[in-house]
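1. predicted model, plus sequence, below.
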Amino acid sequence: MKKITFIAPVLLLTAFLFTSCVKDLDVEPIDPNIATKNNVFTDESAYKQALAKLYASFAISGQTGLGGGNPDISGIDENFGNYLRQYWDLQELPTDEAIMAWDDATIKDFHYQTWSPNDVFLTALYSRIFYTITISNEFIRNADEAIGSASGTFLSDLKAFKAEARFIRALAYWHAIDMFGNVPFVTEADLPGAFFPQRITRADLFNYIESELKGIDVDLVAARQNEYARADKGAAWFLLAKLYLNAKVYIGTEKYTEALTYINRVIAAGYTLDGNYAKLFDADNNTSPEIVFPIAFDGQNTQQYGGMTFLLHASNGGGMPLYGIDGGWGGIRTIKDFVSKFDITESNFASTTQYQGSDKRGMFYFDNSTWQWEITNVSTFTQGIGVTKFKNVTSSGGAAPNAHVTFVSTDFPMFRLADAYLMYAEAVVRGGSGGDISTAVGYINALRQRAYGNSNGNITSADVTLSFLLDERGRELYWEGHRRTDLVRFGQLTNGSYIWTWKGGVKNGALTNSYRDLYPIPINDLNANPNLKQNTGY
Amino acid sequence: MIKPKEVNLGGNLCNSIMSRLSLMHSKNRTIPAKFKRRDNRGLPGKFVIVLVFFMMHAGSLLFAQEVEIRGKVTSADDGSGLIGASVLEKGTANGIATDLNGEFKLKVKRGAVLVISYIGYLNEEVTVANQTYFNILLKPDVKLLKEVEVVGIGYGEVKKADATGSVTAISAKDFSKGVITSPQELLIGKAPGVIANSLGGAAGAGTKIRIRGGSSITGNNDPLIVIDDIPLESSGISGMSNPLSTINPNDIESFTVLKDASATAIYGSRASNGVIIIKTKKGTFLGKDQESKMSLTYNGNFSLSAPAKLLSVFTGDEFRALVADRVANYGLTSAALDQLGTANTDWQDEIYRTAPSTEHNISISHIIGSVPYRFSFDYLYSGGILKYNSMDRKNASLAVNPSLLGGDLTMDLNASASWIHNNFSNTDAIGSAVEFDPTQPVKNGNTRFGGYTAWTELSSNDPINGSPNNIATHNPVARLEYRDNQSDVKRFILNGKFDYKIPYITNLKATLNLGYDYYKTEGKDITDTLASWAQREPENQIKEYTQTKINSLLDFYMNYKTELGINKFDLTGGYSYQHFHNEGESSNRAWDPTVSGAKTTPYKNEYFLISFFGRLNYTLLDKYLLTATLRDDGSSRFSKDNRWGLFPAFAVAWKLTEEPFIGKSDWFNELKLRFSWGKTGQQDVGGSYYPYIPTYTASTSGAYYQFGDTFYSTLRPDAYDANLKWETVTSINAGLDFTIWDKRISGSIEVYKNTSDDLLNNIPIPVGSNFSNYLLTNVGSMENKGVELGLNVTPIISEDFSWDFGINLTYNKNEITKLTLVDDPEYTGVSTGGITGGVGNTVQKYFVGLPARVFFLFAQVFDANGNPIEGLYVDKSGEGGSVAGNELNKYAFKSPDPDYLIGISSKINYKDFDLSFSGRISIGNYVYNNNASNRALYQNIYNQSGYLSNILTDVRKTNFSTAQYWSSIYLENGSFFKMDYISLGYNFSSFFGNKISGRVGFSVQNVFTITDYSGLDPEVENGIDNNIYPRPRTYMLSISLNY
């Protein structure tokens, strides 16, 4: 009995102690910077912060400034895994507009058009596209929940927020349909977890993007009326017009008339050409009346080595003027085939390093004492022609707003009026109704008068051929992330009739196989998701 | 004839007294003194023998001519009295055991010779002449002491001979006598199945330990370390390259490495990579001896470290010739010539130094009242060969071991405090020193960069004082002078263990163990504004950080032992509660307070582990042993549904030498066969504290986004896996422990197979399914199979000369058996092994059916003369085109892990001298020479932005111009033999009379390396050799004194 009387209270005590302690395993984060789903959306400002993440997804790739430290996606260096940086690379490097000198992984394969499904850069952009879609879905779910009990301005704000989230998602899906074709498909109905998203065909995805962009029109803020850098009706129309203009490529059906409908809406919305072409790519381009939708950057507040910081640094080097940055990384420059579209040759640089022809849109650098016009060694930055289009100084040459020596404040003009003018002309030439050739000529001449500073460059309706339009798009929009899509639409990216330096991996250029008009589905996702199929040819 | 058996007399009186007598007689008669075997008897046994002898010889004693003598037997080690030492009149059975004070009284014949013996000590003989009081000093028998009698197995101890699991014990006597700054270094090359590699040559650098290959792919592969019953937090701490270097190696009594699941399962969810139990030294309990002599020990050393090998680069003159040649013959732009200087600077020489280190350690072991204690104070200054790099450590520890209630309550109280100051210097200087143009002087008279030569922007047109070129190499000396990166770390470990023998119930014991581990670091990393790299991100000029980690522990368990006839039971059951708290912040700002962008990032998190555990040790007939262990672990890192993990283990052992058909003999002293099966787990998901909870992370300043004129902090939903659960490892192990040939050879052989399932793996997930493209989830399986052999041999032992030799062999084969949720034969593996050079370049992969991290490279094509052809590889896929643009042409080559690892150590004692060495042979470890692939390229000589870079002379082997990162030419066999240390010592026992004994020693560490590897050092982490801090060669003088 003695034993039992001794042991019983000990056992009871310990049993009590243990069961109360076991509850400690139910933890809630104690970090003030981490919120749980249960306590994150306490007020309207939290919704705006979550919305800001959707936009920021294009500009920076994590939650920490100064080059990062808390990335959104893995498998690649945080600064390389930047949406805009890889979007730019994949749209420009395979084309006649840009070539890369670096040895980073497989980055040279883009200009050579020899990329493979396990390419890290390709995987990074694909991952970022779907990352943006997934967090947009999350936002839409949360906004939906809140809309049920909201009222007054909170309700109207939430509706606009939600419509913008759907715009961001449509924009990301447009990148997906344009570059990868038949991709995984998730909407707000798919809760996060471990599952295999269904594959969607290009045709079905086209219909989805179209219906989404039409569907949000009612809730989006009127064109040019939203806060700077937020999407409005104008942005959605612009994207819809882009979708229709490329419909032949995406679904095999021409939709030039529909394209014209929305181009006309954009043009009628009150955007105006900037009087100064160069300003569109300067650090004060946020005040330009021409930009319909930008990706915003800021030297002090939006800091990473991706995005515009990449574009300005990587395109600088070999003695090029710095224009507000602290040095060049010597990566991207253009090739003689592209410069020749401005009627510029090596001899123009005999006595100057920054020759400009009568078309002032061509902004190039070439030092004939240290640079080489022909690219014999792709890894040597000073072979080729430098591009000085983007600058981190204001249009008056002053310091950028919130200037930082490394991180730039220049915004990326994703959609701007001049593009709409050229799309108008193209849709007309391709047979769309809702526009006419004389208006098209007027639009093109408006751009060329700005470029020449006079009417010397003006054209007539007889000049407006498809090949002229492709070249003119290059001259007006080079390095703005349109070139690959344009070349595909004009049938010239891979096999067509157009070759350029180092296309196909050979110095004088070679045609490549047309299956490369589409990028492959990255091997990581093919492996992870049995619902997917590789694109033809890979 | 059946050889007489040696019988364990301790505590077992069941055996026949007669058999013991015959044993004693035969032993005394047939075995020469120098082969005297280890006497395994405990105290009661001794008394019995002595008693029996008295009885037998009672008659003869009455008639002899006798004298009564008295004396005291003390240990030469620490001067303490030896209790129960045997004092025998030689040639007779007349003898007695010493009492609690080590004293004895005995009547002997005049002129008799007394033989004094004690377990673990060399026998001593004295002749009885006129003297009647004898002070007898016994010297420890080094050969015998190396065997640790009792080994810690977690929540208890077991006699080594009764251990059923795979347990390797290493005691202080086996430790290397080199410059040891952290406990892990003591393990290098010492135990089979344990691979310990130092992570470079920096002062206080860490050591990576892998037991049986590591069970995880992306999860933690570090073994659990338990110091004095406190399982430590596994993750590191900012401002300290090696958290364990806060522990003073001088305080360590022993390591016990638990390898198989039977041994480790008691630690459940943290045990899948093995467990290392560290026991620190205690105050010794000597009974009620009030006058026990104080033991005072001093250990001190002074050492010098110098670079052992440096990378070979071009000298200034060679470089000038090289640039001229490239311009003249290979089309390099002549602009490169304009940048050449006239100096001849050896940049590596400028940044390295011969570094002094010193350590002083004093320990006192004594008794206050009846309470034994040990106090130790240690001062260490460890200098790194990179200028300014050092670690400075003060450590004080106190162990107090009182016992109360007539010995029913024993307490084990430990307090240890460390204060560490690290000066990390700037390791960026190492790479810069290899690359910086050797034709440039250290200083060029500029005013902008404090005189230190810096590359400037071409466009600024001022080569001396122009804007710094940010992508150029920065001056290695300026790297050191202009960056001040230091930290202060405090660590306190408090631990109280209370053992209480429950009254009224025989052999029932309750143990309460309380632990508290507090760790705080404060660091500053300051870059001078004169530094050429300081302007790129001015807001990073001053970086400060603090971190506090607190690990608190409560264990309560009960132990009950009983014997029922031929059955013995030893039952332990308990509960463990552990809480880990981690918080801190980092901040950065510019020197110039008007520069905005300063930010502070705080963080705070915690997790809990709660466990119930039990263990049964069952012994039948003293020869069949069974251990069953069960642990139920709860971790706050998993959701309610997956939170608890049950980890069972079983082991059986058979002491063959207890069987009559083998029996104990001079040949077979001990043979034990073991077999075990068990499951352990892993819950360590790295930095994720809440991986199953949907969370949102706000962006910090610098990661804001603009709407209108306002910049918003953004809110990001984080990826999570609500179903995350334990990684489990199932292991089976068979082992044979043996002690043969009169204990001259002892060792064990083990065969094992560990299967890891539900690997905690950070893998690509289907995009669109979660808030990232990678997610930490349970997927994949891996196997480690291996054989281990540990051997300790004593080829020679005599009074003056002894030689001990240890060898351990590890063979481990690692194979990934599953990587995906669905079986997919097309699956192409997961890339890993990032290299220096470019961004995002990897050279390794995880493949099903291959070892983890196999190299994945193109097969280099060579010309007729055997020279590699740049950019030409074997077209494995047969698809033609750009071979290097097609990943299908890559081959999976060798693994970075060695097939065999052999550790050897030897110790020779000749009279008062000792000579020891320790070395390692690693066979079949492959190394990717990233230094060569990235720095031995002609392309690097001149950069378009106007600067020159030195390159490795290795370029002569490949003649490659542009980077060929995936060429198989950079993959080399890294097999090596390393002589880790050689040490020579002189031992003295009589200094200042007989009061002080000690040793003076000289040792060399990192003596030499034999290898075919062409790079700096084939011992690299994960097989990729890039920019490691070279391991120095160290020469050390040491002295230890015992009072």
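-> Cool, the structure landed.

2. so which bits of stretch A:526-537 are buried?
-> For stretch A:526-537, burial by neighbour count (16 or more other CB atoms under 10 Å in any protein chain shown) applies to A:Leu526, A:Asn527, A:Ala528, A:Asn529, A:Leu532, A:Asn535. For glycine as for every other residue, the C-beta is placed from the backbone atoms N, C-alpha and C.

3. can you tell if it touches chain B?
-> Yes - residues of stretch A:526-537 contacting chain B under CB under 8 Å from any CB of the partner chain: A:Leu526, A:Asn527, A:Ala528, A:Asn529, A:Pro530.

4. so what's the fourth one up against?
-> To tie it back to what came earlier, the one meant is A:Asn529. By CB atoms under 8 Å, 6 or more residues apart in numbering or on different chains, the contact set of A:Asn529 is A:Pro184, A:Phe196, A:Pro197, B:Pro766, B:Val767.

5. change it to 10 Å
-> Counting by CB atoms under 10 Å, 6 or more residues apart in numbering or on different chains, A:Asn529 touches A:184, A:195-199, A:521, B:764-769, B:822.

6. and the buried residues of stretch A:526-537, which of them are in strands?
-> Using DSSP state E, no member of the buried residues of stretch A:526-537 falls within strands.

7. and the contacts of A:Asn529, which are buried?
-> Counted by 16+ other CB under 10 Å, the contacts of A:Asn529 give A:Pro184, A:Phe195, A:Phe196, A:Pro197, A:Arg199, A:Ile521, B:Pro764, B:Ile765, B:Pro766, B:Val767, B:Gly768, B:Ser769 as buried.

8. residue boundaries of the strands in chain A?
-> Using DSSP E, strands in chain A cover A:34-36, A:99-100, A:183-185, A:198-200, A:291-295, A:332-333, A:364-365, A:386-387, A:412-416.

9. with pLDDT added, can I get the residues of stretch A:526-537 next to chain B in TSV?
-> Putting these into TSV (pLDDT from 0 to 100) gives the following:
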residue	pLDDT
A:Leu526	90
A:Asn527	85
A:Ala528	88
A:Asn529	92
A:Pro530	90
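
10. residues touching B:Asn987, list them.
-> B:Asn987 touches B:Lys139, B:Asn909, B:Lys911, B:Asp912, B:Phe913, B:Asp914, B:Ser997, B:Gly998, B:Arg999, B:Val1000, B:Gly1001, B:Ser1040, counting by CB under 10 Å, 6+ apart.

11. just give me the closest of those residues to B:Thr842.
-> Taking CB to CB as the measure, B:Thr842 sits nearest to B:Gly1001 out of the contacts of B:Asn987, at 45.9 Å.

12. now the element after the helix or strand where that closest one lies, going C-ward?
-> Taking DSSP states H and E as the definition, B:Gly1001 sits inside strand B:996-1011. Once the chain leaves strand B:996-1011, the next helix or strand it forms, by DSSP H and E, is strand B:1024-1025.

13. could you find the closest non-adjacent residue to the closest residue to chain B within chain A?
-> For chain A and chain B, the shortest gap (CB to the nearest CB) falls at A:Gly65, measuring 1.5 Å. Closest residue in space to A:Gly65, ignoring its immediate chain neighbours: B:Gly702 at 1.5 Å, by CB to CB, 6 or more residues apart in numbering or on different chains.

14. and that neighbour, what's its pLDDT?
-> Here the pLDDT value assigned to B:Gly702 is 89.

15. same thing with B:Leu413?
-> pLDDT, B:Leu413: 92.

16. for B:Phe976, same thing?
-> At B:Phe976, pLDDT is 96.

17. relative to B:Gly71, how far out is it?
-> Between B:Phe976 and B:Gly71 the computed distance is 55 Å (CB to CB, to the nearest Å).

18. and for B:Lys890?
-> 78 Å.

19. and the residue nearest to the spatial centre of chain A, how far from A:Arg448?
-> Nearest to the mean C-alpha position of chain A, by CA atoms, centre = their mean, lies A:Leu84 at 4.3 Å. Look at A:Leu84 and A:Arg448: by CB to CB, they are 28 Å apart.

20. same thing with B:Gly702?
-> 41 Å.

21. over to A:Phe238?
-> The gap separating A:Phe238 from A:Arg448 is 22 Å, by CB to CB.

22. repeat that for A:Phe180.
-> From A:Phe180 to A:Arg448 the distance is 35 Å (CB to CB).

23. more neighbours, these two?
-> For A:Phe180 and A:Arg448, the more surrounded residue by other CB atoms under 10 Å in any protein chain shown is A:Phe180, and the numbers stand at 24 against 20.

24. surely that one and A:Ser127 touch.
-> No - contact criterion CB atoms under 10 Å: A:Phe180 and A:Ser127 do not qualify, at 11.3 Å.

25. what touches both of the two?
-> A:Pro522, A:Asp525.

26. number of residues surrounding the spatially closest residue to A:Ala176 that is not a sequence neighbour?
-> Among residues not flanking A:Ala176 along the chain, A:Val183 sits closest, at 4.7 Å (CB to CB, 6+ apart). For A:Val183, the neighbour count with other CB under 10 Å is 27.

27. quick one: contacts for A:Val183?
-> With contact taken as CB under 10 Å, 6+ apart, A:Val183 is in contact with A:126, A:129-130, A:133, A:173, A:175-177, A:197, A:199-202, A:205, A:521, A:525, A:532, A:535, B:767-768.

28. again, only this time at 7 Å
-> Contacts of A:Val183 were listed using CB atoms under 7 Å, 6 or more residues apart in numbering or on different chains, and they are A:Ala176, A:Ile200, A:Leu205.

29. looking at it, the last one is touching A:Ala172, isn't it?
-> No - assessed by CB atoms under 7 Å, A:Leu205 is found out of contact with A:Ala172, at 11.4 Å.

30. residue contacts, A:Gly299?
-> The contact partners of A:Gly299, by CB under 7 Å, 6+ apart, come to A:Ala400, A:Asn402, A:Ala403, A:His404, A:Phe407, A:Val408, A:Ser409.

31. likewise for A:Arg448?
-> Applying CB under 7 Å, 6+ apart, the residues near A:Arg448 are A:Gly457, A:Asn458, A:Ile459.

32. now swap in A:Gln534 and tell me
-> A:Gln534 neighbours (CB under 7 Å, 6+ apart): A:Pro117, A:Pro520, A:Ile521, A:Leu526.

33. the third one contacts A:Ala528, correct?
-> I take that to be A:Ile521. No - counting by CB under 7 Å, A:Ile521 sits too far from A:Ala528 to count as a contact (10.8 Å).

34. can you work out which residues contact both of these two?
-> Taking CB under 7 Å, 6+ apart as the contact rule, A:Ile521 and A:Ala528 have no neighbour in common.
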